[in-house]
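Visitor: sequence below, structure please.
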Amino acid sequence: MDFELFELFPKVVAIYKYDQEKHQNIIDISNNIVKNIKSGNKEYSKNAVDNSLTHYYNQSTSSLLYECKELEDFRKWCCDSARHFMTEVLDYTVEDDNSVIVTDSWLNVCGERSHQIKHNHHNCLISGTYYVNRQEWVHAGIEFYKPNIELHPMLAHTRTWDDNSNKYTRYIETLYPSSGDLLLWSSEMLHGYNGMTNFWEGRTSISMNFLPKTIDNGKYSFTIKEYGE
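Guide: Numbers count the residues shown, from 1 in each chain. Just a heads-up that it's a prediction; the model follows:
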């Protein structure tokens with residue numbers, strides 16, 4: 001059969017690799033936060049859906065990468081990575097004198113079988129997760145979900161799922177980052193992970209969101225304050 005396929009509107013997730021020697025410092029800082037911030041501290045919270053998932057600095061008035069001064073160099077590297085992703089991958093125009101800033105950031109620590117429901121991030125352009133600790137075979141990866149599945153469920157037909165279907169029909173794609181990886185994606189993308197593959201506790205990550213300091217669509221613009229200003 002003579003036919004041709006056109007791949008339209010692909011989505012992209014980028015992985016940026018942090019220096020492995022510097023990564024050990026991120027591990028130490030994260031472990032120290034978990035050790036010293038306990039229940040009752042305003043920077044400690046449990047996930048609203050899964051109480052085995054703990055967050056640190058996950059408040060509207062907090063941002064981990066600014067509150068923890070030891071993470072300043074790491075924050076700058078994350079912002080440089082986000083600028084590259086914005087300009088070189090997604091074709092945003094961000095002038096050199098327009099800073100890319102972290103709008104919020106927080107630490108996540110999973111218990112055994114912890115999961116995160118499908119969600120996306122608001123009030124930002126780029127979102128990301130840095131993996132402080134994710135061990136192969138015992139910790140969940142991260143799942144990205146195709147929206148608008150079966151737009152007309154009144155007319156649906158069975159499919160062959162034995163081989164997990166193919167890239168045109170799959171509605172979940174799973175990535176398995178390594179410790180020291182920063183994943184970045186466009187903030188509207190739905191993501192989460194299934195706790196059934198979190199066999200051990202300790203999956204640890206830093207989540208963050210980014211914006212250019214000045215938002216400019218070519219006609220209207222406004223400037224936002226960086227955390228602490």
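
Visitor: going forward, measure contacts between C-alpha atoms and count neighbours the same way
Guide: Will do.

Visitor: so which helix or strand takes in R83?
Guide: Taking DSSP states H and E as the criterion, R83 maps to helix 72-84.

Visitor: ok, the helix or strand that that helix is followed by: who's next to it in the sheet?
Guide: Next in sequence after helix 72-84, counting helices and strands by DSSP H and E, comes strand 100-110. Strand pairing for strand 100-110, determined by DSSP bridges: strand 53-56 (antiparallel), strand 204-212 (antiparallel).

Visitor: can I get strand 100-110 as PDB, trimmed to CA atoms?
Guide: Provided in PDB are the C-alpha atoms of strand 100-110 (Å, rounded to 0.1, in the frame of the first residue of the first chain):
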ATOM      1  CA  VAL A 100      15.000  34.300  33.200                       C
ATOM      2  CA  ILE A 101      13.900  33.800  36.800                       C
ATOM      3  CA  VAL A 102      12.600  31.000  39.000                       C
ATOM      4  CA  THR A 103       9.000  32.000  40.000                       C
ATOM      5  CA  ASP A 104       8.700  29.200  42.600                       C
ATOM      6  CA  SER A 105      10.600  26.100  43.700                       C
ATOM      7  CA  TRP A 106      10.200  23.300  46.200                       C
ATOM      8  CA  LEU A 107      11.600  20.000  47.400                       C
ATOM      9  CA  ASN A 108       9.600  16.700  47.100                       C
ATOM     10  CA  VAL A 109      10.400  13.500  49.000                       C
ATOM     11  CA  CYS A 110       8.400  10.300  48.200                       C
END
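
Visitor: returning to what we had before: out of the strands paired with strand 100-110, nearest to K146?
Guide: strand 204-212 (20.7 Å; Cα to Cα).

Visitor: alpha carbons of the closest one, as PDB, please.
Guide: Extracted as PDB, the C-alpha positions of strand 204-212 are listed here (Å, rounded to 0.1, in the frame of the first residue of the first chain):
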ATOM      1  CA  THR A 204      13.700  13.100  45.900                       C
ATOM      2  CA  SER A 205      13.300  15.900  43.500                       C
ATOM      3  CA  ILE A 206      13.300  19.700  43.200                       C
ATOM      4  CA  SER A 207      10.400  21.200  41.200                       C
ATOM      5  CA  MET A 208      10.600  24.700  39.700                       C
ATOM      6  CA  ASN A 209       8.900  27.100  37.300                       C
ATOM      7  CA  PHE A 210      10.300  29.800  35.100                       C
ATOM      8  CA  LEU A 211       9.400  33.100  33.400                       C
ATOM      9  CA  PRO A 212      11.400  35.900  31.800                       C
END
